[in-house]
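>>> what follows is a protein structure lacking sequence information:
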Ligand SMILES: [Zn+2]
């Protein structure tokens, strides 16, 4: 049975390369679905494309700083964007 995972559980999964999460009530495992994973990864290049001129105007150091901050923000909000699906334990 799928339960709601906590923000911390989801964040910890993201930090471990979208590691699967075990449901504490039935021991089944859940993993981020491919579409969510792809969408979250696409947010980073999307920003670079959309704000290319702005980033270039900042200079290399500031642009890296802004990008770094943006990546941290994406990681922090990813638990709200990610959809998880049950996976086969034997796979
Ligand atoms: Zn369950």
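Cool, got the structure. Note that the structure is predicted; figures quoted are calculated from it, not measured. Residues are numbered from 1 along each chain as shown.
>>> C-alpha from now on. contacts and neighbour counts both.
Will do.
>>> low-scoring stretches of this protein, by residue?
For the chain, applying pLDDT under 70 flags the ranges 1-3, 89-91.
>>> all strands for it, in order.
Secondary structure of the chain (DSSP state E): strands located at 21-22, 29-32, 84-87.
>>> out of those strands, which gets nearest to residue 48?
Comparison of the strands of the chain against residue 48 by C-alpha to C-alpha identifies strand 29-32 as nearest, at 24.5 Å.
>>> about what we covered before: need the strands of the chain in a markdown table with mean neighbour count, can you?
Shown next, in a markdown table, are the strands of the chain (neighbours: other C-alpha atoms under 10 Å):
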| stretch | mean neighbour count |
| --- | --- |
| strand 21-22 | 20 |
| strand 29-32 | 20 |
| strand 84-87 | 17 |
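>>> grab the nearest non-local neighbour of the spatially most central residue of the chain.
Geometric centre of the chain, nearest residue: residue 78, 4.0 Å, by C-alpha atoms, centre = their mean. Of all residues beyond its chain neighbours, the one nearest residue 78 is residue 40 (6.8 Å), with distances taken as C-alpha to C-alpha, 6 or more residues apart in numbering.
>>> and that neighbour, how far is that from residue 26?
Note on residue 40: its distance to residue 26, by C-alpha to C-alpha, to the nearest Å, is 28 Å.
>>> repeat that for residue 59.
Using C-alpha to C-alpha, one obtains 52 Å as the distance from residue 59 to residue 26.
>>> please apply the same query to residue 10.
Going from residue 10 to residue 26 by C-alpha to C-alpha gives 18 Å.
>>> I'd assumed residue 74 was in contact with the residue nearest to residue 78.
Yes: using C-alpha atoms under 8 Å, residue 40 makes contact with residue 74 at a distance of 7.4 Å.
>>> mind jotting down where the helices sit in this protein?
Taking DSSP state H as the test, the helices found in the chain are 7-15, 34-50, 52-58, 60-81.
>>> alright, I will stop here.
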